[in-house]
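Novice: below are the sequence and a predicted model for it; my questions follow.
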Amino acid sequence: MCTSFPDLRRLRQFIAVAEAGNVTAAAKSLHISQQALSSSVQQLEKELGATLFNRDGRRLTLTRAGRLLLAEGRPLLAAARTVAERVEQTANDVEEVFVIGHTPALSGVEAYTRLEPAIDAFPRLSFTFRQLYPDQLVGALLDGSVQLGLRRGVVPTDELSTAVVGYDRVRLALPSDHRLAGLPAVGIGELAGERIALWAPPGSSYYSDFLMGACRRAGFEPDYVVSRVQGSATVAAPLTTGGIAFVTAPAGPAMGGRVTVTELEPPLLVGAQALWQRHTSSAVRDVLLAQV
């Protein structure tokens, strides 16, 4: 049974070797000698009682234990960095700012609504909301520049902890002069032959895949266009695409009356997922999760 813990410096060096695939490139990126790096990895293997690499000359491939350490080591390093930064800030009386990242599919208003109980619970804490695309959001969470992420859909990940924090009803945003705009509700089957506005192509976005799947279950292959205006309010998509957008905004007029949001039948719900660094604690996050 292993009773030692991995040295964080050696863990960082192991990850560099694993990502580079060889000691030479990793040593160069870390600005240390190849000999020192090889010795560090060997010492880590000794500490853990596990062979981490299969060695074939200069070529290195991860063993099963190595793949596990790589997957678990990344979030562990990220958490250690975050803890060190928080301790330093506290020691120097630096005002803490809690940063929330959210993807474009989840508006700033919706993100604020989710966090409002925590904002009310910590009146002396500063909060900052940032809109980020999904890949940027994950990177910002791992490097600690964002403390909590919110995105549409329920996407599994091994690098971060996640929780579903609620579901929102999906509606349709249409140009106000569209033939379907005057209806109190539109059946999803009525979208056959209509152009659907997306913010990312299918295959690169869980939310896009979710919406396209809903159309296919209704019996038609959707015709879609990716909006050329990114980062704006989702209800604005019909103005630049001429298409129909799936939104979670309330029903009624939008964009100065140029867009109409109407109900979708049958009801379609999409989840909102929270993401955060593993191995970290947060009183703000605890308040959010307590609302679920």
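Specialist: Looks like it arrived, so ask away. Numbering: from 1, shown residues only.
Novice: where is the longest helix in this structure?
Specialist: helix 64-91 (DSSP state H).
Novice: pLDDT on that one, on average?
Specialist: Across helix 64-91, pLDDT averages out at 82.
Novice: give me the number of residues near residue 222?
Specialist: 21 (other CB atoms under 10 Å). C-beta here means a position set from N, CA and C on the backbone, and glycine is covered the same way.
Novice: hmm, I typed the wrong one, I wanted residue 254.
Specialist: Residues lying near residue 254 (other CB under 10 Å) number 22.
Novice: tell me the contacts of it?
Specialist: By CB atoms under 8 Å, 6 or more residues apart in numbering, the residues touching residue 254 are 173, 235, 260, 261.
Novice: closest one of those residues to residue 132?
Specialist: Nearest to residue 132 among those, counting by CB to CB, is residue 235 at 20.0 Å.
Novice: buried stuff in the longest helix of the chain?
Specialist: 66, 69-70, 72-79, 81-82, 86 (16 or more other CB atoms under 10 Å).
Novice: show me the two of the contacts of residue 254 that sit farthest apart.
Specialist: Maximum distance among the contacts of residue 254 (CB to CB): 9.4 Å, for 235 and 260.
Novice: need the overlap of contacts for the two.
Specialist: Joint contacts of residue 235 and residue 260 (CB under 8 Å, 6+ apart) are 173, 254.
Novice: with the buried residues of helix 64-91 in mind, which one is nearest to residue 133?
Specialist: residue 78 (19.4 Å).
Novice: what does stretch 126-140 contact?
Specialist: Under CB under 8 Å, 6+ apart, the answer for stretch 126-140 is 95-104, 108, 111-112, 115, 119, 146, 149, 151, 157, 159-160, 200, 205-206, 231, 275.
Novice: which positions within that stretch qualify as buried?
Specialist: Those would be 127, 130, 131, 132, 133, 134, 137, 138, 140, for stretch 126-140 by 16+ other CB under 10 Å.
Novice: so which of these belong to helices?
Specialist: Those of those lying in helices (DSSP H): 134, 137, 138, 140.
Novice: so how far is residue 118 from the second one?
Specialist: Between residue 137 and residue 118 the computed distance is 19 Å (CB to CB, to the nearest Å).
Novice: again, but for the third one
Specialist: For residue 138, the distance to residue 118 equals 22 Å [CB to CB].
Novice: helices or strands next to the least confident helix or strand in the chain by mean pLDDT in the packing?
Specialist: Least confident helix or strand of the chain, by mean pLDDT, DSSP states H and E, is helix 64-91 with a mean of 82. On a contact count with 3 or more CB pairs under 8 Å, 6 or more residues apart in numbering; DSSP states H and E, helix 64-91 meets helix 8-20, helix 134-143, strand 269-277.
Novice: next one: that helix to chain centre, how far?
Specialist: On the basis of CA atoms, centre = their mean, to the nearest Å, helix 64-91 sits 18 Å off its chain's mean C-alpha point.
Novice: next: stretch 237-254.
Specialist: 24 Å.
Novice: may I see the buried residues of it?
Specialist: 237-239, 241, 243-249, 251, 254.
Novice: start to end distance for it?
Specialist: Stretch 237-254 stretches 11 Å from its first residue to its last (CA to CA, to the nearest Å).
Novice: ok, stretch 168-179 next?
Specialist: End-to-end for stretch 168-179, by CA to CA: 26 Å.
Novice: tell me the domain ranges of this protein?
Specialist: Following the TED database, one finds the domains of the chain at 8-90, 95-154+275-290, 167-272.
Novice: any idea which of these has the lowest pLDDT on average?
Specialist: Across these, the lowest-scoring stretch is domain 8-90, with a mean of 87.
Novice: which parts of the stretch 151-292 of the chain are strands?
Specialist: Assigned by DSSP state E, counting those that start in this stretch, the strands in the stretch 151-292 of the chain fall at 160-169, 171-175, 185-187, 195-198, 223-226, 244-247, 252-254, 259-265, 269-277.
Novice: centre of the chain to the fifth one, how far?
Specialist: To tie it back to what came earlier, the one meant is strand 223-226. Worked out by CA atoms, centre = their mean, strand 223-226 lies 23 Å from the chain centre.
Novice: export it as CSV, just CAs?
Specialist: Listed next in CSV are the C-alpha coordinates belonging to strand 223-226 (Å, rounded to 0.1, in the frame of the first residue of the first chain):
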residue,chain,number,x,y,z
ASP,A,223,-31.4,23.0,-41.9
TYR,A,224,-29.1,25.1,-39.8
VAL,A,225,-26.9,28.2,-40.1
VAL,A,226,-24.2,29.3,-37.6
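Novice: thanks again, I'm all set now.
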